[in-house]
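**Q** Need a 3D model of the following:
(chains A and B)
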Amino acid sequence: MHARDRLATMTAPPTMRREIQEVLAELETSGEISAEQRERIRAALARRLDAPRDHGGRVIAIVASLGALLLAAGLLYLVGYNWDALGKAAKLALVFGLWAGILAAGYALAEQPGRYPRVGRALTLAGMLCFGGALALVAQVYNLSAHYPWAVLLWWALNVPLMLWLRSRAAQSVVTGLFVLWAFWHANVWYDDQASLALSRRYEVHCNLYLGGALAALFGALALFVASLRAERYVGLWRALALPGVLFALYMMGFKEFAEHWGAWRPFLTALTPAFCVLVVALVLILAAMLHGLRGALLVEAWAMLGVVLLCSALCVAAEEWMPIACNLLLLAALLALVWHGTRTRSAALVNLALGFFGLLIVSRYVEYLWDKLQGAYAFLGCGALLLSLGWFLERRRRSLMMRVRGGGA
Amino acid sequence: MKRPLAFLLCVAPQFLVVAAVAAREEVALRSGVEVRLEVRPIDPMSLFSGRYISVPLAIQRLDKTVHIEPGIEPDQTVYVRLVRGEPCWSAIGVTREPPHATGDVFLRGTWLDTNRVSYGIDTFYIPEDGADPSRLALTAVVRVTRDGRGVIEDLLVGNQTYAQWNAAQKSR
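**A** Here you go, the predicted model:
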C-alpha cells in the first residue's frame, strides 16, 4: 500500500485533531498564517482525516486469508487421502509442486502483475504454512524423527525473511506463533532431558510460567529493537503481546497454590535456564536498541518488563514463601506505573489494560482468599458487592484518567 | 534490491532445506548397506506426527556380550559395530571412534547410560487407516551409510513388508 493510500484509510484520534486545531490557532495568533489559510488547512486536513476507513479492504484480506488456509488444508487433505496410493517420487513432486504453485500464484497476484494484492498476500501466507507441511511430509516419507523440534525452529526461522518481505501483520503473527510454539516445545524437551531435575516436584508449571513471562519481556525488547531500526510496522503486535504477557505472568505467579513449590527445585539454575537464555537475548536487544540511539517510552517499558521478570526470578529463589505477596504487590506497582505511563503518553489502551488487570486481580484474590471462608449466600453477596464497588470505582477512575489522557485536566 | 529477487532469496532457503533433507535421505537409502534389525515396538499413535509406530531397535539396549569401550560418558557420540546374523544383525562392540576396518558396518548413536544407545531412528509412519502391527514380531530394514547414519527403509512384519501385510489385513 502506498503512503497516500495509508493516509486515506487512517482516522485520526480526537486528541490528535484537538492538537492540530491548537497548533493552527497558535500559528494564526503568532501571525505565521492568516485566518483564511488556517481555514484552508483545516478543510484539507478534514477531507483527509475524515475519509472513510478501508473496511472493505480488510474484509477482503480476511476472507482471502481464510480461503488460502482452507485451500492449503484441502490440498493437504486430498493428498493425505490418496497418500498410500502414491509412490515416493509422486509424493515429493506433489509436495514441492503444490507449495511452489501456491507461492508463485501469491507472488503473481500480489506483485506481478499484482492486480489482487490482498489475495496474493493471503496465498503467500498459505505458502509460509506450507513450508511446515512440506517438512512434515518429507519427514513422513523418510520416517524421520527428532528429539528436539528442529523442524519447528526451521519453520519459523526461515519464514522471517518472507515476513520482512511481505511486510504484513498476518505474517508477523504466524512467525511469532511458531516461535512461541518452538520455544515452549524445545524448553520442555530440554527439561525432560535434565536428570538433575527429575527429583524436583512441579517445577514444569512454574518454569513454563516463568518462561512465558520471559518471552513476553523478549517481545517488549523486540518491539524496541525494531523501532530502533525504524521498522515501526512490527512494533504494534510485539508490544501488544509483551505488556499483557508480563502482567499475566505476574498475576499467575501471585496465586498461593504455587507458593509451596516456588524455587524448591534443585538445582534452580537448571530449572530457570531456558527463561534466563530468553532474558539474555532480550537484554542484548535492548542494549542494541540503545546503541542505535533509541530513547523514550518504549525503552522504559522494555527495561521495566525485563526488570520485573528478573526480580521475580530472584524472589522465587531467595524468598519463595513471600512470592504470592511479593508478586501481588509487584503487580499493583506495575499497574500503577502503567496508569501513570498511560496518562503521560496519552494512551487510553494502557490505562484500560491496567484497569482491566486491576479488576481481574481484585476478583481473583477475593475468590482465592475469602470464598471458602464465607458461607454460600454471604459469598454471593460479598462477590456481588465487590463487583459493583469495583465497577463504580473503575468507572470513576477511568473517567478521570481518560480526561487526563485526552488532555482535559485531572 | 528488486522485489522479485528478494522474494526468491526469501523462499529459496526453504526449498533448499526441504530438498536437502529429502536428498540426504535418498542418497542414504540408495548407497547404504542394508541391515535388518529387531525392533521392540510401542505406542502406535501421536497427535502431532500423525499415525506412526515407535520402533526402538533392540540394540538400543545392549546385552552383556557386547564389548563396550571403557570411559564412555553420557551424551557422547558412539559407534556400534554390527555383524550379520539370521534373521537380524546384532551389535558386537561400542567405540568412541568409528571402526577403521573396511567392510565394517556400524551405526552412529548417542550414549545414554550404562548400556543404552539412542540412534535417532525409531519412527515408522503408517497410513491413517493402516493396521497396527505393534504386537507382532517386527524387523526394521535399515540402510546404513559409510559414516554410520541409519535410515529406516521399511518395516517387515514376519516376512512381509508392512505395505504387503497391511494390504493382506485389509483384504480379510
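**Q** Please count neighbours and contacts with C-alpha atoms only from this point.
**A** Will do.
**Q** where along chain B do the strands fall?
**A** Ranges of strands in chain B, per DSSP state E, are B:33-39, B:45-46, B:50-54, B:67-68, B:77-83, B:90-95, B:105-113, B:116-118, B:123-125, B:138-144, B:150-157, B:160-161.
**Q** wait, which of those is closest to residue A:71?
**A** With CA to CA, the closest approach to residue A:71 among the strands of chain B belongs to strand B:50-54: 20.3 Å.
**Q** tell me what that closest one is packed against?
**A** Contacts defined by 3 or more CA pairs under 8 Å, 6 or more residues apart in numbering or on different chains; DSSP states H and E place strand B:50-54 against strand B:45-46, strand B:123-125.
**Q** mean pLDDT for these: which is lowest?
**A** Of all those, the minimum mean pLDDT falls on strand B:45-46 (a mean of 56).
**Q** can I get the strands of chain B in a markdown table with distance to residue A:133 and mean neighbour count?
**A** What follows is those, written out as a markdown table (distance: least, CA to CA, whole Å; neighbours: other CA atoms under 10 Å in any protein chain shown):
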| stretch | distance to residue A:133 | mean neighbour count |
| --- | --- | --- |
| strand B:33-39 | 29 | 21 |
| strand B:45-46 | 16 | 14 |
| strand B:50-54 | 12 | 20 |
| strand B:67-68 | 41 | 16 |
| strand B:77-83 | 31 | 22 |
| strand B:90-95 | 36 | 21 |
| strand B:105-113 | 28 | 21 |
| strand B:116-118 | 27 | 20 |
| strand B:123-125 | 15 | 23 |
| strand B:138-144 | 25 | 24 |
| strand B:150-157 | 21 | 23 |
| strand B:160-161 | 27 | 16 |
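**Q** need the helix or strand of chain A with the lowest average pLDDT.
**A** For chain A, scoring each helix and strand by mean pLDDT, DSSP states H and E identifies helix A:3-8 as the least confident one, at a mean of 41.
**Q** Could you do chain B as well?
**A** Within chain B, no helix or strand scores below strand B:45-46, which has a mean of 56 by mean pLDDT, DSSP H and E.
**Q** so for the longest helix seen in chain B, what's the average pLDDT?
**A** If you go by DSSP state H, chain B has its longest helix at helix B:3-31. Helix B:3-31 shows a mean pLDDT of 92.
**Q** Could you do stretch B:66-83 as well?
**A** Mean pLDDT, computed over stretch B:66-83, is 91.
**Q** One more: stretch A:215-225?
**A** pLDDT averaged over stretch A:215-225 gives 96.
**Q** Report the backbone C-alpha coordinates of the helix or strand harbouring residue A:38 in PDB.
**A** Using DSSP states H and E, residue A:38 sits within helix A:35-49. Once non-C-alpha atoms are left out, helix A:35-49 reads as follows in PDB (Å, rounded to 0.1, in the frame of the first residue of the first chain):
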ATOM      1  CA  ALA A  35      -7.300  33.100   9.200                       C
ATOM      2  CA  GLU A  36      -8.100  32.200   5.600                       C
ATOM      3  CA  GLN A  37      -5.000  29.900   5.400                       C
ATOM      4  CA  ARG A  38      -5.900  28.300   8.700                       C
ATOM      5  CA  GLU A  39      -9.400  27.500   7.400                       C
ATOM      6  CA  ARG A  40      -8.000  26.000   4.100                       C
ATOM      7  CA  ILE A  41      -5.600  23.800   6.100                       C
ATOM      8  CA  ARG A  42      -8.300  22.700   8.400                       C
ATOM      9  CA  ALA A  43     -10.600  21.900   5.500                       C
ATOM     10  CA  ALA A  44      -7.900  19.900   3.700                       C
ATOM     11  CA  LEU A  45      -7.000  18.000   6.800                       C
ATOM     12  CA  ALA A  46     -10.700  17.200   7.500                       C
ATOM     13  CA  ARG A  47     -11.100  15.900   4.000                       C
ATOM     14  CA  ARG A  48      -8.100  13.500   4.500                       C
ATOM     15  CA  LEU A  49      -8.700  12.600   8.100                       C
END
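**Q** Any buried residues in it, and which?
**A** The neighbour-count check on helix A:35-49 (16 or more other CA atoms under 10 Å in any protein chain shown) flags A:38, A:41-42, A:48-49 as buried.
**Q** closest one to residue B:17 among the strands of chain B?
**A** strand B:150-157 (18.1 Å).
**Q** for residue A:168, what are its contacts?
**A** Contact analysis of residue A:168 by CA atoms under 8 Å, 6 or more residues apart in numbering or on different chains lists nothing.
**Q** Show me how chain B divides into domains.
**A** B:1-31, B:33-171 (automatic domain parsing).
**Q** returning to what we had before: average pLDDT for the helix holding residue A:38?
**A** 83.
**Q** by contact count, what packs against it?
**A** In terms of contacts (3+ CA pairs under 8 Å, 6+ apart), helix A:35-49 is packed against helix A:3-8, helix A:14-29.
**Q** Could you tell me the least trusted of these?
**A** Among these, helix A:3-8 carries the lowest mean pLDDT (a mean of 41).
**Q** which residues touch the most centrally placed residue in chain B?
**A** By CA atoms, centre = their mean, chain B has its centre lying nearest to residue B:121, at 3.1 Å. Residue B:121 makes contact with A:143-145, B:55-56, B:150-152, according to CA under 8 Å, 6+ apart.
**Q** for stretch A:134-154, the distance to its chain's centre please.
**A** Chain-centre distance of stretch A:134-154: 27 Å, with CA atoms, centre = their mean, to the nearest Å.
**Q** in it, what counts as buried?
**A** Neighbour-count burial for stretch A:134-154 [16+ other CA under 10 Å]: A:134-145, A:149, A:151-154.
**Q** cool, and stretch A:152-172?
**A** Result for stretch A:152-172 [16+ other CA under 10 Å]: buried residues A:152-156, A:158-163, A:166, A:168, A:170-172.
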